[in-house]
Each structure stands twice: as C-alpha cells, then as structure tokens.
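Visitor: Have a look at this prediction, sequence included:
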Amino acid sequence: MRMIGVLGLAALAFAAGGAAQAETIKIGVVLPFSGANADLGHQIDKAFDLYVKLHANDIAPHKVELIKRDEGPPTGAQAKTVATELITNDKVPILTGFVFSPSAIALAPVATQAKVPMVIANAGTAWITNLSPYIVRLSFSMWHPAFPMGAYAFNKIGCKTAAMAYTDFPPGKDSTEAFKTGFEKAGGKITDAIPMGSPVQVPDFTPFFQKIKDEHPDCMYVFIPSGAHATGVMKAYGELGMRKAGIKLIGPMDLIPDNKLQDMGDAAIGTIVMGHYAVDLDSAGNKTFNEEWHKAYGKDSYPDFMSAAGWDTMHAIFDTIKKLNGNVSDGAKVVDAMKGWSADGPRGKVMIDPATRDIVQDEHAMEVYRKPDGKLGERILGTTKAVKDECKELKVGRCGS
Amino acid sequence: MPHFAIVAVSILFDGMAYAMFLFITSVGLSVTMGLMGFVNLAHGAFAMAGGFVVVSLTRSYGVGFVPSLIFASVLIGLISARLERRLYRRLYKSTDLEQVLLTIGLAFMAIATATYFYGPIPRSVPLPDWLEGDVNLGFRAFPSYRAFLIAIGVVLIAVLWYAFERTNIGAKIRAAVDNRRMAESVGINVDRLFTLTFAVGSGLAALGGGLAIQLFGLTPSFAVLYLVLFLIVVAVGGLGSLKGTLLAALVIGIIDTGGKYAFPVAGNLFIYAITAIVLLYKPTGFFGRE
C-alpha cells in the first residue's frame, strides 16, 4: 500500500499542470471461487485477467486493481456480504462479476443506496436490470436465447410439442417462461414444465427425463445453470436413449459450455442450442480472443460464453475509465458513460441499450456435431441480428415494472 | 404390459441403482459411527478422492474403468487406515464437537487439495463399450451402467452379509458394536478391528465415489455436497447396522426417484419427509439399538 502511495505521489509530482492525474482504480470482482459452481467463476476470472493483462496500456496513465471475493453458493447471501464489504471497506467505485442471479438480485438495493455501478458479467434473470439504475449488464438476459428459440424450435427444428425441464431458481423460471412465450406465439404446445431441484447440487436427472420420455413430446427444452449440471444432463439424456426415442434436446447455450463439450461424448451430437457465443464462432474478435486464451491458459483450456461476456465486461469498464479520464468516483456518470457503449468482441458486435442498460447482441442457433478432426464442435444454423431483451420489450411480468 | 406397470418397473430400476450408490457410499460411515461412535464428516472426502483416482488412472494412464475402481478403493482404504492410526485415534475419547471440527476440516482440506490439482471443472470417465449402451428387455430399454451399478450392489451386499454374519471377524465386529467393553474383556482387539472396518468402509466410499462420476460428474466439492444424503441414510438405517443401511438406502433411493418422477414440483420433500417420519417413530432408525 505504501509503495502505491509513493508511486501515486511521484506520478502527481511529474504530472504537468492540466495533465490527468494517474489513478489506481479498484474494481471489486465478485465471482464463485468455491463450491459446485467454482468453475463458472474461473471461466470469467480468466477472461478478466487476460483482458487486464493485454490492455493495461489502453488506460495509461491510470491503472486498475482487481479485488476478488468469493460469491459463494447460488443463494445471494454471501455475495451480498462480500460486495458490501468491498463497497464500505475497500471503497471500490465499480463492482463486477456476479455469476448467479440471486447474488445480483440481493445486491441491487445495496448498489442503489451506495450509488456504486454493478457491471454484471453473467447473472441473466431478465428483470435484474430493472432493480437498480446502477446496474449495467454485459452478458445476456435469459430471454436473449430462450425467446427466439421458441419460434426457431417450432419453425426450423420441427418441434410441435415440447416439454420443459429447469433448475428451480429465478433464471430457470425466466428461461422457460421466455421459451414458452416464443414457442406458443409460433403455434407450439408445451406439454409439461418440470422443476429439477436447487442449483446447489447436481441431481440425478433420470427420473425427470424418464417422465418426459414417457410423455413423448417432439422436443425437450432444458435450462440448467451450466457447469456440472450440463454434464449430468447430457449423461442422463444419453443413458435413457432419448434421441433414439425421437425426443430432441434443445435449450440455451448453457447446455453445452465450450469447456465441457469435449467431455460430453456422442450423447451431445445433434443437440441444438440458441446462444450468442461458441468457440467455433467465426468473427475476427473471437479469433484473437481464442488465440490469446490458448496462449495464456494452454491448448486444452477453452473459453465459453461466460468468458466471452467477461472479456466484453472488462472492455466496457476500460473504455469507460478512458472516457471519464480515470474519474470514476461518480457512479451515475459511470453508468451514463456505459450507455450506448459498443464494441466488436468475441461475440461479434455488441452494444449496451441506453434505455434498458442491457446488452444487444446477435443470437445464433447452433448444432453440436463431430468435426473432421474428431473433436466435438458447434455449427451455426441460423443467426438473428441485434437481439434486445424481449422480456423488457414486451413488458412481461416483472420486466414491465 | 400396461403403462402403469412399465412406469413402476422403471422407477424401481432407477431407484435401485440410486439406492446402490447410496448404500455403497454410506455403509462405511454407518459402521464407523456404530462401532466407535465417531462422527466422520470426512467420509465424503474419501469418496471424492476415490473418484479422482479413477479419473487419473483412466484418463492419464489408460487403465480400464473396472480395474481403476478396484485400485482406487484399495488405495483409499490403505490411506484411510494410516489416517485412522495417526489422526482419528487421538479423538475417540473427545467430544462430538471436536470430532466434527477435525473431520469437516479434513474434508475442506481435501476439497482445496483436489481443486489445486484437478481444478473445479467437473470430470467424467471414459466407460468401456459394454457399459455405454442399454439392455433391452422388450417393453423398455435400461441403461447398462445402471444395471452394472445394481449388480455391483447386489454382489457387495452378499459379500458383506457373509463377512458380517458368517465369519469370525464379522462376529467380533458385531460383538464390539453391541458391547465394546465386554468384547475387549474377552480378548477381542477392538482397536485393530476398528482400523480394519474403517479401511474397508473408506474403500467402499472410494468405490462409491468412482461409480458416482457417471451419475453426477465429479468435482472437488463432491466431498461435502452429498454428505447430508449419506448422513440421512445412516440415521434412518440405524448406526452400525448393515441391514438398516441397506433398507434405508432402498427406501430413500426408490421413494426419491418415484417422487421426482410423479411429483417433481415437490423437490427434495420426499427425502426429508421419510427421514422425519422414520425418526419420529424410531429415533434410532430402522435397526438401531434403543
């Protein structure tokens, strides 16, 4: 600390009249580093570190210091504690991270009261951005993939009927609600909606899927909080021989996280998801992103949609620091500076909608297939450009308030 | 076959497979608690360690799945015997709180160690071809892996029952569970007996951990995530009772699977409801001593 102080004074002394004062900007990072979902935190943390390492000079003479705290389990309690500490003790002017919706929901009132911007890198329950004017979301709303998936499933995949199975917490309900809205609008019929327990433990998916298999819909829409759950879903789906029985597996991209895809085996082939990122996505931004990722973390480590959002999140924070010339102490100004931000990132062109402070991005329908080199990959079947959060556009439920 | 019967058979089948995993993993915990009154919350850590040994052997050394399972349970059994001698033994006379603190601490250390070496990403194992497909019984196809799980469970139950009820060592263990001081006074070396049962129990936990990879995927937090479930099986079955643990595992496995199939909205309600009802009427579990 003392060292930093001395450096700060030195920088001050060297700064000629009128030149910007070099600031070290503390950024509070709240991500799950422990528990069943720790790998989700690591996927974003790696993207944060990578961006900061490669782009440190972009904001010179200012610097950032990431203060990392454990978000804990997907209940929000621990996230609220550590984030409040970051605000009151470490006096961070910007908070970021937040994998789980309950964390973001629990923290929204704190952000409003402390006037500290929360830049969300994952948590996807649609109405989170309505909870505080200090929330900006760089990741997605559950509606981003789920709503267009409804029409796509009916029109292109050939699902006339579909059963939905979801992990029983806010984003699960949100995702199935969005799919249902889109699917029924297109003319499809939902046969069942099955809650599959809490996100904390990976359950035995067999009884749930067996029930769906017996009901025999055309498609099964599954939402799970990515990570360990995704592997479990694929195993149960494969074991029960559901594809052979004619039930197609569809869902948002959480179903096939890129860093677990290779482990999933043949059961995953043919799965169709809607999402805004895949390692195989063909864009200039994604190519550099993947190259830098492999250079830093080895060839067997893969980024995924969370890492992509993590990268864009740090990009937006850096651009904002540059725009405000390091003066980020006024939370409202930081949020204003982020409104309308746009960039070409790993996901392609993304933008922050100034009206909702939520992301606008392309959504791709992607199918898992075996690539010529023997590895599993995702091929793009179709793309919807510049998708906004339809939940807020249509003012559904809490999104309308 | 009528639809209802097919559903009942599949619930029974899936429930049995789940029950066998519960039984294999919990039986060691039950015997440890029954024999020494020792609360070993690190039991799940042995299961997790067994799982990672299987992952390493199959993924890095190309050993087959079944030999890896056997190797993992023997290895973890031996390691646990050392731990029992060095660490656990000191705390047999201590209070429950001290035992719980030591063992939950060990569990957290195990999680941190596994995270350091393997990372938090869930691991899976390559299965041999004969475990990948399904067995078709005409009216319904059953996943071969679950059939394999049930087969292992049945064999283990037979072996354990024989060892417990028909061998000299089994008789000594039962004697020690019933009345430790009396058993010691007739010349049974209860300490050595305990090291043995502890090692076997931990080895079985490791086997359960290895078998669970295909069901749930394996992460370091496996050590504590399913611990509550194991403790419920032990409590409902009755401490130290083989029969009780088996019955509890079957009841919980089958009713939980059936409940999830028929009333998914109820979530985990069924497990907790059974536990509450059984313990209300029999506070020591199905076959626990009063």
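Guide: Done, it's in. All values reported here derive from a predicted model rather than from experimental measurement.
Visitor: Could you list the domains of chain A?
Guide: Structural domains assigned to chain A are A:2-12+A:21-140+A:282-357, A:143-275+A:361-400, following automatic domain parsing.
Visitor: Dump those into TSV; add distance to B:F148, mean pLDDT and mean neighbour count as well.
Guide: C-betas here are computed from N, CA, C, even on glycine. Below are the domains of chain A laid out as TSV (distance: least, C-beta to C-beta, whole Å; pLDDT from 0 to 100; neighbours: other C-beta atoms under 10 Å in any protein chain shown):
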stretch	distance to B:F148	mean pLDDT	mean neighbour count
domain A:2-12+A:21-140+A:282-357	26	91	20
domain A:143-275+A:361-400	11	91	21
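Visitor: With distance to B:Y272 added, can I get these in JSON lines?
Guide: Shown next, in JSON lines, are the domains of chain A (distance: least, C-beta to C-beta, whole Å):
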{"stretch": "domain A:2-12+A:21-140+A:282-357", "distance to B:Y272": "18"}
{"stretch": "domain A:143-275+A:361-400", "distance to B:Y272": "13"}
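Visitor: TSV for these, including distance to chain B?
Guide: As requested, the domains of chain A are arranged in TSV below (distance: least, C-beta to the nearest C-beta, whole Å):
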stretch	distance to chain B
domain A:2-12+A:21-140+A:282-357	4
domain A:143-275+A:361-400	4
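Visitor: can you map out the helices along the stretch 251-400 of chain A?
Guide: In chain order, the stretch 251-400 of chain A shows helices spanning A:258-264, A:284-297, A:305-323, A:331-338, A:390-393, with DSSP state H, counting those that start in this stretch as the criterion.
Visitor: what's the answer for the stretch 101-250 of chain A, then?
Guide: Remark: helices assigned in the stretch 101-250 of chain A by DSSP H, counting those that start in this stretch are A:101-114, A:143-152, A:170-186, A:206-215, A:227-239.
Visitor: Next up, the contacts around residue 145.
Guide: All of this refers to chain A. A:S175, A:P252, A:M253, A:V273, A:M274, A:G275, A:H276, A:E363 (C-beta atoms under 8 Å, 6 or more residues apart in numbering or on different chains).
Visitor: You answered for a different chain; I wanted chain B.
Guide: By C-beta under 8 Å, 6+ apart, the contact set of B:Y145 is A:E239, B:L127, B:L131, B:E132, B:Q214.
Visitor: Please pick the buried ones from those residues.
Guide: Neighbour-count burial within those applies to A:E239, B:L127, B:L131, B:E132, B:Q214; the criterion is 16 or more other C-beta atoms under 10 Å in any protein chain shown.
Visitor: Would you reformat the residues you listed as TSV and include distance to B:N268 and secondary structure?
Guide: Shown next, in TSV, are these (distance: C-beta to C-beta, whole Å; DSSP: H, G, I helix; E, B strand; the rest coil):
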residue	distance to B:N268	secondary structure
A:E239	22	helix
B:L127	28	coil
B:L131	29	helix
B:E132	30	helix
B:Q214	22	helix
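Visitor: I'd like to know which of those is nearest to A:G397.
Guide: Nearest to A:G397, judged by C-beta to C-beta, of these is A:E239 at 35.9 Å.
Visitor: mind listing what the closest one touches?
Guide: Residues touching A:E239, when contacts are defined by C-beta under 8 Å, 6+ apart, comprise A:T206, A:A267, B:D134, B:P143, B:Y145, B:R146.
Visitor: quick one: it and A:T191, what's the gap?
Guide: Computed as C-beta to C-beta, to the nearest Å, the A:E239 to A:T191 distance reads 22 Å.
Visitor: what's the answer for A:A165, then?
Guide: When distance is defined by C-beta to C-beta, A:A165 is 11 Å away from A:T191.
Visitor: which bits of the stretch 151-290 of chain B sit near chain A?
Guide: Taking C-beta under 8 Å from any C-beta of the partner chain as the contact definition, the stretch 151-290 of chain B meets chain A at B:214-217, B:219, B:221, B:225-226, B:257-258, B:260-262, B:264-265, B:267-268.
Visitor: how about 6 Å then?
Guide: Proximity of the stretch 151-290 of chain B to chain A, by C-beta under 6 Å from any C-beta of the partner chain, involves residues B:F216, B:G217, B:T219, B:S221, B:L225, B:T257, B:K260, B:Y261, B:P264, B:V265, B:G267.
Visitor: What is the neighbour count of the fifth one?
Guide: A count of neighbours around B:L225, defined by other C-beta atoms under 10 Å in any protein chain shown, yields 20.
Visitor: And the third one, by the same measure?
Guide: When neighbours are defined as other C-beta under 10 Å, B:T219 has 29 of them.
Visitor: residues contacting it?
Guide: Counting by C-beta atoms under 6 Å, 6 or more residues apart in numbering or on different chains, B:T219 makes contact with A:A36, A:A228, B:P122.
Visitor: ok now do the last one, which residues does it touch?
Guide: Residues counted as contacts of B:P122 (C-beta under 6 Å, 6+ apart) are A:A228, A:T231, B:G217, B:T219.
Visitor: biggest separation within those, which pair?
Guide: A:T231 and B:T219 (9.6 Å).
Visitor: Which stretches in chain B count as strands?
Guide: Shown for chain B, the strands assigned by DSSP state E span residues B:134-136, B:141-143.
Visitor: so who does A:G275 touch?
Guide: Applying C-beta under 6 Å, 6+ apart to A:G275 gives the contacts A:P145, A:M253, A:F305.
Visitor: What residues are bridge-paired with it?
Guide: Here A:G275 sits in beta bridges with A:H364, going by DSSP bridges.
Visitor: In three-state terms, how would A:Y51 be classified?
Guide: For A:Y51, the reduced secondary structure class is helix; criterion used: DSSP: H, G, I helix; E, B strand; the rest coil.
Visitor: mind checking the longest helix of chain B?
Guide: The helix of greatest length in chain B, counted in residues with DSSP state H as the criterion, is given as helix B:3-36.
Visitor: now it against helix A:227-239, angle please.
Guide: Taking axes from the mean of the first three to the mean of the last three C-alpha atoms, to 10 degrees, one finds that helix B:3-36 is oriented at 130 degrees with respect to helix A:227-239.
Visitor: Now do the buried residues in helix B:3-36.
Guide: Within helix B:3-36, judged by 16+ other C-beta under 10 Å, the buried ones are B:7, B:10-36.
Visitor: What is the burial count for the spatially closest residue to B:I255 that is not a sequence neighbour?
Guide: The spatially closest residue to B:I255, leaving aside those adjacent along the chain, is B:F270, at 5.3 Å (C-beta to C-beta, 6 or more residues apart in numbering or on different chains). For B:F270, the count of nearby residues is 18 (other C-beta under 10 Å).
Visitor: Touching, B:F270 and B:T257? I think so.
Guide: No - because the distance of 9.2 Å does not satisfy C-beta atoms under 6 Å, B:F270 is recorded as not touching B:T257.
Visitor: got the contact list for A:G76?
Guide: Contact partners of A:G76, counting by C-beta under 6 Å, 6+ apart, are A:P102, A:S103, A:A106.
Visitor: circling back to that earlier point, tell me the most packed of the residues of the stretch 151-290 of chain B next to chain A, by neighbour count.
Guide: Highest neighbour count within those, by other C-beta under 10 Å: B:K260, with 31 neighbours.
Visitor: who's in contact with that one?
Guide: Contact criterion C-beta under 6 Å, 6+ apart gives A:P207 as the residues in contact with B:K260.
Visitor: re earlier: which of the buried ones among the contacts of B:Y145 sits closest to A:E393?
Guide: Checking the buried ones among the contacts of B:Y145 against A:E393 with C-beta to C-beta, the nearest one is A:E239 at 39.6 Å.
Visitor: Distance check, that closest one against A:D204.
Guide: For A:E239, the distance to A:D204 (C-beta to C-beta) stands at 11 Å.
Visitor: B:F230 too?
Guide: In this structure, B:F230 and A:D204 are 15 Å apart, going by C-beta to C-beta.
Visitor: And for B:N189?
Guide: As for B:N189, its distance to A:D204 is 41 Å (criterion: C-beta to C-beta).
Visitor: quick one, helices of the stretch 1-150 of chain B?
Guide: With DSSP H, counting those that start in this stretch applied, the stretch 1-150 of chain B shows helices at B:3-36, B:43-60, B:65-86, B:96-118, B:129-132, B:144-166, listed in chain order.
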